[in-house]
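Chemist: please work out how this folds:
(2 chains)
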Protein chains: 2
Amino acid sequence: MRIEAIDLFYVALPKIERAADGTQDSFLVRVRADNGLYGWGEADASPLVSLAAYICPMSHSNIININEALLGETVNDPDDVRRLRAKAGAYGLDIQQIDHAVAAVDIALWDLVGKHLQEPVYRLLGYRLAYPKLPYASVLFGDTPAETREIARSLKDKGFSAAKFGWGPMGKVSLENDVALVAAARDGLGRHPELMIDCGVVWGQDDGAAYERAVRFADSRITWMEEPLHPDAVDAYRRLKDRRPPVRLAAGEGCDFFRSAEDLMTNGGVDFVQIDVGRIGGITVADQVCRRARELGLTYVNHTFKSHLQLAASIHVHAGIEQFRYLEYPAGGSPLILGLTAPTGLPVNQKGMVDCPENPGLGVDVNLETVRKYQRQVRIEIDGKVLFESKEP
Amino acid sequence: MRIEAIDLFYVALPKIERAADGTQDSFLVRVRADNGLYGWGEADASPLVSLAAYICPMSHSNIININEALLGETVNDPDDVRRLRAKAGAYGLDIQQIDHAVAAVDIALWDLVGKHLQEPVYRLLGYRLAYPKLPYASVLFGDTPAETREIARSLKDKGFSAAKFGWGPMGKVSLENDVALVAAARDGLGRHPELMIDCGVVWGQDDGAAYERAVRFADSRITWMEEPLHPDAVDAYRRLKDRRPPVRLAAGEGCDFFRSAEDLMTNGGVDFVQIDVGRIGGITVADQVCRRARELGLTYVNHTFKSHLQLAASIHVHAGIEQFRYLEYPAGGSPLILGLTAPTGLPVNQKGMVDCPENPGLGVDVNLETVRKYQRQVRIEIDGKVLFESKEP
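Modeler: The predicted structure follows:
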């Protein structure tokens, strides 16, 4: 196949709230081939900044945009996808945004090649079987412990057997409030469901503050304590680990490229590495991190806070590895994000697990009505020449 | 002072060539305060993608643009600059381009505060004295050894006592051609000048290929071998170092944030860490890396391939540390870049050294005629609303 078009879509709710809710907008890419097939991908990134990386004028031989790298190229199999991912990375070596931006088209290329070869993506990655994953509902803390308890109860009622609470007031009021939030989440969930806590990078470089919480949170039997520290604070993660906290540590959603994940795994000492396929440059790179985590004896988990298109891209990466059993599963979500793949998607099955799609490619499709409804019309001109203009999906 | 305006300028030559020549365009930021003072900064980054990070619509609480973080803020002293740099970083936590983009405004804020306090930036960073630096002319290899010899001769004639050759055919023809290029550079420079070799990340992860060159290049008495490997290949740098090559290693220009530089220094084992103040998020972060390099007993060097505005921002960072004696000094350069700070700038003095400016702020000024001449008119609309439009400088 020849890549004939790369269509870029900026979709967003009419009004964006200043909240830790990544489902308010999205950046979508559709790759179309000359045989009529197409693939979709989604980045977890600023849509406008990412879009710019597809169309920015050349600055020199290391700042060349993604369209220039990929349009007209041949793509027929996984090796082609990896070759093109590397090409786009080399063309955009000095575009910092390259990893976030290219993630969307990388995912779209895997989807496209899967459809072409009539195989689900996890098989293209070399796995024979896909293992069901335990979804954990990923939600924000309520503003108070009482609100948090209610949210936890409603998740339990929906049948989730694992849930992650994060951000909101965590770390912003007092140690006792932090402990009360976690205890309320446990109380609302009941005894059995697994509980993860996302601290939203709130203690920065302060491994002491994080350790103090770890000791107290352990009473609520949490599966992991996520991002207590700043994403860059790899030495502080190591110090925290060396204090032997009574809970396991998770981090990694801020990793934008392979080395930053490797650094966190080998030098930071986390137990779970959480990779966002829509930030780290797509399925190609997430797959590399997943394999490295297995070599190191750590657990790979997806980070996903976008649509089921993103969720599908995420699950294919670690579907083939049975012991990597968790799946971050966005349980809330805006009508934009919930509608983006409707009626397809990744439901929770009767056993409370999520199956990796077996259809060719990612196994979900994008609802064009939703794209149309939420699309933002972007127009970028330089010296009066139109560099980009949003088109009908 | 109150930050009243952040003016963004995309300047570029009329025609951009696909060459490793970063002087073909630039991204400039001017910060204006309510007392009439202003500061200038420059990023070494894609202008359009960086500009987008100043004006992109909010996606959620971790994707908020730089203008929103800084406009209307108070800035009077170095602590304010650091506070505002941290604020912009937190607002843009999930904008990958944030570090490249924010570099320009961070530099502009140091310039502004220096003018306000009537101090050169190096003093604001806590140093009493600025030590002159040995400039090395930074140029590209010629297409052949013969052309390279001519370039080296002309640099010698200009009085440079150090020169760095990079990119071009290095690593793309054969081992013998690589060796001939380096030997020709040495031959053209003569016996005494220092010679640095920039390999332009050409051997990727292959520490064996890099080692083989290191052994051969040593005959030409090179000061360092720069970027033989991919910026992310920290483990490969370590393997190369463990082979005990007969030349010292330099890398770091690709570091976009503090941790990536720290990772390269502590885990990659480089001897020289080369930081681009216009990529790593400005003077604030470059200063942190510089101090860390001193703690670790490594040598900090600037990476600079833009205008003398950028060069000034670079020299202030390590001016106060005598043993960090090198200064990358762009010797070629387009009329855009050469004219950007004319008639101010950082000349090579009679002893062949470069003095750090002692004037308040960065100590150079921007030539508005040059900006006007090369400015690209950018216009970005979303849903018919103008988000950004280039203005007269």
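Chemist: which stretches in chain A count as strands?
Modeler: Under the criterion DSSP state E, strands of chain A are mapped to A:3-12, A:25-33, A:38-43, A:134-140, A:162-166, A:194-198, A:224-226, A:249-251, A:272-275, A:299-302, A:326-330, A:378-382, A:385-389.
Chemist: I'd like the ones you listed as a markdown table, with mean pLDDT appended.
Modeler: Output for those, formatted as a markdown table (pLDDT from 0 to 100):
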| stretch | mean pLDDT |
| --- | --- |
| strand A:3-12 | 98 |
| strand A:25-33 | 98 |
| strand A:38-43 | 98 |
| strand A:134-140 | 90 |
| strand A:162-166 | 94 |
| strand A:194-198 | 97 |
| strand A:224-226 | 98 |
| strand A:249-251 | 98 |
| strand A:272-275 | 98 |
| strand A:299-302 | 98 |
| strand A:326-330 | 92 |
| strand A:378-382 | 98 |
| strand A:385-389 | 98 |
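Chemist: next, format the ones you listed as TSV and append mean neighbour count.
Modeler: Where you see a C-beta, it was placed from the backbone N, CA and C, and this is true even at glycine. Shown next, in TSV, are those (neighbours: other Cβ atoms under 10 Å in any protein chain shown):
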stretch	mean neighbour count
strand A:3-12	20
strand A:25-33	25
strand A:38-43	28
strand A:134-140	23
strand A:162-166	24
strand A:194-198	24
strand A:224-226	26
strand A:249-251	26
strand A:272-275	25
strand A:299-302	25
strand A:326-330	24
strand A:378-382	20
strand A:385-389	13
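Chemist: redo these as JSON lines? Include distance to residue A:174.
Modeler: Compiled in JSON lines, the strands of chain A are given as follows (distance: least, Cβ to Cβ, whole Å):
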{"stretch": "strand A:3-12", "distance to residue A:174": "35"}
{"stretch": "strand A:25-33", "distance to residue A:174": "33"}
{"stretch": "strand A:38-43", "distance to residue A:174": "37"}
{"stretch": "strand A:134-140", "distance to residue A:174": "19"}
{"stretch": "strand A:162-166", "distance to residue A:174": "17"}
{"stretch": "strand A:194-198", "distance to residue A:174": "16"}
{"stretch": "strand A:224-226", "distance to residue A:174": "18"}
{"stretch": "strand A:249-251", "distance to residue A:174": "22"}
{"stretch": "strand A:272-275", "distance to residue A:174": "27"}
{"stretch": "strand A:299-302", "distance to residue A:174": "29"}
{"stretch": "strand A:326-330", "distance to residue A:174": "28"}
{"stretch": "strand A:378-382", "distance to residue A:174": "44"}
{"stretch": "strand A:385-389", "distance to residue A:174": "48"}
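Chemist: now for those strands, which one comes closest to residue B:142?
Modeler: Of all those, strand A:378-382 sits nearest to residue B:142, with 32.8 Å by Cβ to Cβ.
Chemist: contact partners of the closest one?
Modeler: With contact meaning Cβ atoms under 8 Å, 6 or more residues apart in numbering or on different chains, strand A:378-382 is reached by A:10, A:48, A:51-52, A:55, A:57, A:386-390, B:10, B:48, B:376-382.
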